[in-house]
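**Student:** Fold the following and give me the result.
(2 chains)
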2 protein chains.
Amino acid sequence: MKALLIIGDGMADRPLKELGWKTPLEAANKPSMDHLASMGVCGIMDPIAPGTPPGSDTATLALLGYDVFKVYSGRGAFEALGWGVEVAEGDVCFRCNFATVDENLTVLDRRAGRISNVDASKLAESLKKVKAPREDLEFFFTNTVQHRAVLILRGPKLSAAVSDSDPETNGEKIKEIKPLENTPEAKLTAEVLNALSQKFREVLDGHPVNKERVACGQPPANFVLFRGAGTLPKIKPLSELYGIKASCVAATSLIRGVCRAAGMQLLEAKGATGTPETNYMAKAKAAVQALENNDFVLLHVKAPDVSSHDGNFKQKVEVIEKIDKMLAYILNKVDLGETYLALTADHTTSCITGKHEGDPVPLAIMGPHVRSDDVKEFNERACAKGGLGRLRGKHLMPILMNFLDKVKKFGA
Amino acid sequence: MKALLIIGDGMADRPLKELGWKTPLEAANKPSMDHLASMGVCGIMDPIAPGTPPGSDTATLALLGYDVFKVYSGRGAFEALGWGVEVAEGDVCFRCNFATVDENLTVLDRRAGRISNVDASKLAESLKKVKAPREDLEFFFTNTVQHRAVLILRGPKLSAAVSDSDPETNGEKIKEIKPLENTPEAKLTAEVLNALSQKFREVLDGHPVNKERVACGQPPANFVLFRGAGTLPKIKPLSELYGIKASCVAATSLIRGVCRAAGMQLLEAKGATGTPETNYMAKAKAAVQALENNDFVLLHVKAPDVSSHDGNFKQKVEVIEKIDKMLAYILNKVDLGETYLALTADHTTSCITGKHEGDPVPLAIMGPHVRSDDVKEFNERACAKGGLGRLRGKHLMPILMNFLDKVKKFGA
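**Tutor:** Below is the predicted model of the structure:
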């Protein structure tokens, strides 16, 4: 037996007046999702806890079976892992942005005009040569896509309990990084980061790439914003927890990082972009193929979340219909006598608020021996009447793994 | 007000092709169970946690209201208690088997040809005289039924964190007992057990009973296997928690042990065997009678679990129908104006896998003041639509005890 978990990022929503008080899932034409719900057992699920809006990292961790209230240790490490950067225990990791600031350190553009990969690479090469602010410290800096970059601090006595330098909106001043705990480690880490920030600024300020950018009317990338300090969570890999081989098909680096932290193999799907224009079928094919030599495959589609953050409910409906066609391919290709298929969202993202919300998400599980129920449609309200009742995100994985005979009995 | 809790061991199941994709509970003709569901309020219940297959001991502990993740301390003590052996705090208890081994300590028969009680008693008498491997230690050894026996270690610095010597299958070598924790207590306990094992072997090897067995062509009981190390769980008895008098009608020693650990009185029912051929009506009569001078009675029927482990779905349906007749007698005899009746299973046992599974179990509670719902049948899928929603096993007891006005208000 195998299991495929399909996650539509932010696919759940609240009813919208513009859709006749339906949610996008209720408004979409999605025969394959409804087939899955009809054949399977349905329910609703609080990814983290009722009323608590999950982050994308915590939601995915929870859906992989981890208790995020116990293990979550910030976003930074996932972001680094997702970009293929090696992270060791104790490393403090940050997401970074190349940004444009004025002489008063007011942020003019948090993305430095969405600087090209070429320019960012050249700047990053120079930053890598900066001497660490302390002898017992190492740092690793690497640009990823456009203005995005990753910073890792390695050394004794570091802490991830530090604030961001990123003010989050243009027009505000850079923030001094502060310790968030009254510990020597947090104080030291904040000091080191402020010093490194200043050193980076000095290198970037007179850098030839930036001089050229200014000459061409482009905003200089003269500052690096640090945010989202995090360490590797102390979690056991899925292979150890359940004795399974697990892989993921996901384009988003954050999700890839979470999956890598869980010991999953990261697969590539050509044309998978994490946008509404992603290559849905390439992802479906990669997932179906992965089922051949994996026990568990996670197929993550970022697109519905993107539409929701933009408040673009029409696009969200279209994206759901594209995911439905992707599911049709999967239903046609996998051995349904040997495979459990689960479909859900990692969280509700509201097209009205444009934010992650704490509402539960719909869940449907189809497979050889599920106790199917009367639910005929896959959406928030229909699934609430299903045979699974209301679950927490962290329970999904044990339920799937139990169908695969991979959960140890507790007791004798 | 009084409460009777009827537990069909492993009675819940998954849909079976051979039963037209019904579960045994869905396939059985069981008018009394359906009556109870119709009159009462129903739900589904995760005995321990969603997706986690419970043991019989942990499931029963949970249904008695205890948080097994906090209090469970192994099977051994329950087994000893269930046989009427006294267990003190700190004692480390084991289930034992008289077994037959060859000169290389390969197990030929884990049950020594299901040795008679008479022979086992004689051997046990000799083993009781063995000198403990350490001066500050005492041990108690007693045979129970056929090849089964119980060992208790008593003394300072002992631990239940030790492995089994039982290899679990015939044809494999005896396992050396190892500490499962890096503590002096676990190391000492493992040493003591290995030494005791050797001493037992020396006594058994040349024992007249075994010489006689060999002469008659019977396998000698020349080794004692130790397994399932456990201590008494640190739990308060039901009498203290709820101020009630509680009794149980159960044939299985493990269940009897759990009930004794919870401070319940163990009742006898003539012909109750823990098999599908048990005397159902004798158990019903014992339970009805017990309600006269108890607040809470647990009536446990092992039979459906036995059929499930054998994959015998036809027998499971028949067993359920016999339990239904038992319930008919109870419904007819108890004062329904003064009694809450709860019916459930301690876990799902699948006739397909032959194992305990992590799927939820159905639950129905009938009584004077329950908020009855629309559920008309007692089975896994019907109860999932009930008014109780999806509960955890540990919540059942407070719900029942609250109907009996035995739960203290939390807060003012």
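
**Student:** Stretch A:290-305: end-to-end distance?
**Tutor:** One end of stretch A:290-305 sits 25 Å from the other (Cα to Cα, to the nearest Å).

**Student:** Let me know whether it sits next to chain B.
**Tutor:** No - Stretch A:290-305 is not in contact with chain B by Cβ under 8 Å from any Cβ of the partner chain; minimum separation 13.5 Å. Using the backbone N, CA and C atoms, a C-beta is placed for each residue, glycine as well.

**Student:** Mean confidence (pLDDT) on that stretch, please.
**Tutor:** For stretch A:290-305, mean pLDDT is 97.

**Student:** Which elements pack onto the strand or helix carrying A:Q198?
**Tutor:** For A:Q198, the element it lies in under DSSP states H and E is helix A:184-205. Counting contacts by 3 or more Cβ pairs under 8 Å, 6 or more residues apart in numbering or on different chains; DSSP states H and E, helix A:184-205 is packed against helix A:117-128, strand A:148-154, strand A:223-230.

**Student:** which ones are touching the residue of the stretch 101-250 of chain A found nearest chain B?
**Tutor:** Shortest the stretch 101-250 of chain A-to-chain B distance, computed as Cβ to the nearest Cβ: residue-wise this is A:Y242, at 10.6 Å. By Cβ atoms under 8 Å, 6 or more residues apart in numbering or on different chains, the contact list for A:Y242 reads A:D295, A:F296, A:M397, A:M401, A:L404, A:K406, A:V407.

**Student:** can you give me how far the helix or strand just after the helix holding A:Q198 is from the chain middle?
**Tutor:** Heading C-terminal from helix A:184-205, the first helix or strand you meet, by DSSP H and E, is helix A:208-215. From the chain centre to the centre of helix A:208-215 is a distance of 34 Å (Cα atoms, centre = their mean, to the nearest Å).

**Student:** and helix A:208-215, which residues are buried?
**Tutor:** Using 16 or more other Cβ atoms under 10 Å in any protein chain shown as the test for burial, helix A:208-215 gives A:V209, A:N210, A:R213.

**Student:** wait, isn't the first one in contact with A:L123?
**Tutor:** The reference is to A:V209. Yes - under the criterion of Cβ atoms under 8 Å, A:V209 makes contact with A:L123 at 5.5 Å.

**Student:** hey, what's in contact with both of these two?
**Tutor:** Residues touching both A:V209 and A:L123 (Cβ under 8 Å, 6+ apart) are A:A221.

**Student:** Run a quick neighbour tally on A:K234.
**Tutor:** By the criterion of other Cβ atoms under 10 Å in any protein chain shown, A:K234 has 9 neighbours.

**Student:** Spatially nearest residue to it (excluding sequence neighbours)?
**Tutor:** Excluding the flanking residues, the one nearest A:K234 by Cβ to Cβ, 6 or more residues apart in numbering or on different chains is A:V71, at 6.2 Å.

**Student:** Quick one: residues contacting the one you found.
**Tutor:** A:V71 touches A:L61, A:P233, A:K234, A:I235, counting by Cβ under 8 Å, 6+ apart.

**Student:** Most neighbours among the residues you listed, which one is it?
**Tutor:** A:L61 (28 neighbours).

**Student:** and the stretch 301-412 of chain A, which residues reach chain B?
**Tutor:** By Cβ under 8 Å from any Cβ, the residues of the stretch 301-412 of chain A that approach chain B are A:369-373, A:385-391, A:395, A:397-402, A:405, A:407-412.

**Student:** Out of the residues you listed, list just those in strands.
**Tutor:** Among those, the ones falling in strands (DSSP state E) are A:G389, A:R390, A:L391.

**Student:** who wins for neighbours among the residues you listed?
**Tutor:** Using other Cβ under 10 Å as the neighbour criterion, A:G389 leads those with 23 neighbours.

**Student:** what about the residue in chain A that chain B sits nearest to, how many neighbours?
**Tutor:** The nearest approach of chain A to chain B comes at A:G411, 2.4 Å away (Cβ to the nearest Cβ). By the measure other Cβ under 10 Å, the count of residues near A:G411 is 25.

**Student:** Kindly report the same for A:E138.
**Tutor:** By other Cβ under 10 Å, the residues close to A:E138 number 11.

**Student:** Tell me if I'm right that it and A:A132 touch.
**Tutor:** Yes - proximity of A:E138 to A:A132 meets the contact threshold set by Cβ under 8 Å, at 6.1 Å.

**Student:** sorry, back to before: reformat the contacts of A:V71 as JSON lines; add secondary structure.
**Tutor:** Conversion of those to JSON lines gives the following (DSSP: H, G, I helix; E, B strand; the rest coil):
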{"residue": "A:L61", "secondary structure": "helix"}
{"residue": "A:P233", "secondary structure": "coil"}
{"residue": "A:K234", "secondary structure": "coil"}
{"residue": "A:I235", "secondary structure": "coil"}
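
**Student:** Contacts only, for the nearest residue to A:N312 once chain neighbours are set aside.
**Tutor:** Closest residue to A:N312 apart from its sequence neighbours, by Cβ to Cβ, 6+ apart: A:C351 at 7.1 Å. With contact taken as Cβ under 8 Å, 6+ apart, A:C351 is in contact with A:D13, A:R14, A:L16, A:P24, A:S307, A:S308, A:G311, A:N312, A:F313, A:K316.

**Student:** Do you know the pLDDT at A:C351?
**Tutor:** Taking A:C351 on its own, its pLDDT is 97.

**Student:** Would you quantify the distance from it to A:Q315?
**Tutor:** Taking Cβ to Cβ, to the nearest Å as the measure, A:C351 falls 9 Å from A:Q315.

**Student:** Repeat that for A:K199.
**Tutor:** Using Cβ to Cβ, A:K199 is found at 43 Å from A:Q315.

**Student:** now swap in A:L196 and tell me
**Tutor:** For A:L196, the distance to A:Q315 - Cβ to Cβ - is 40 Å.

**Student:** of these two, who's got more company?
**Tutor:** A:L196 (24 against 18).

**Student:** residues touching the nearest residue to that one once chain neighbours are set aside, list them.
**Tutor:** Take A:L196 and drop its neighbours on the chain: the residue closest to it by Cβ to Cβ, 6+ apart is A:P133, 5.5 Å away. Contacts for A:P133 were tallied using Cβ under 8 Å, 6+ apart; they are A:E191, A:V192, A:A195, A:L196, A:K199.

**Student:** Now that we're looking at A:P133, what pLDDT does it have?
**Tutor:** Each residue has a pLDDT score; the one for A:P133 is 90.

**Student:** Mean neighbour count and mean pLDDT for the helices and strands packed on helix A:184-205 - can I get that in JSON lines?
**Tutor:** Formatted as JSON lines, these follow (neighbours: other Cβ atoms under 10 Å in any protein chain shown; pLDDT from 0 to 100):
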{"stretch": "helix A:117-128", "mean neighbour count": "17", "mean pLDDT": "96"}
{"stretch": "strand A:148-154", "mean neighbour count": "23", "mean pLDDT": "96"}
{"stretch": "strand A:223-230", "mean neighbour count": "24", "mean pLDDT": "96"}
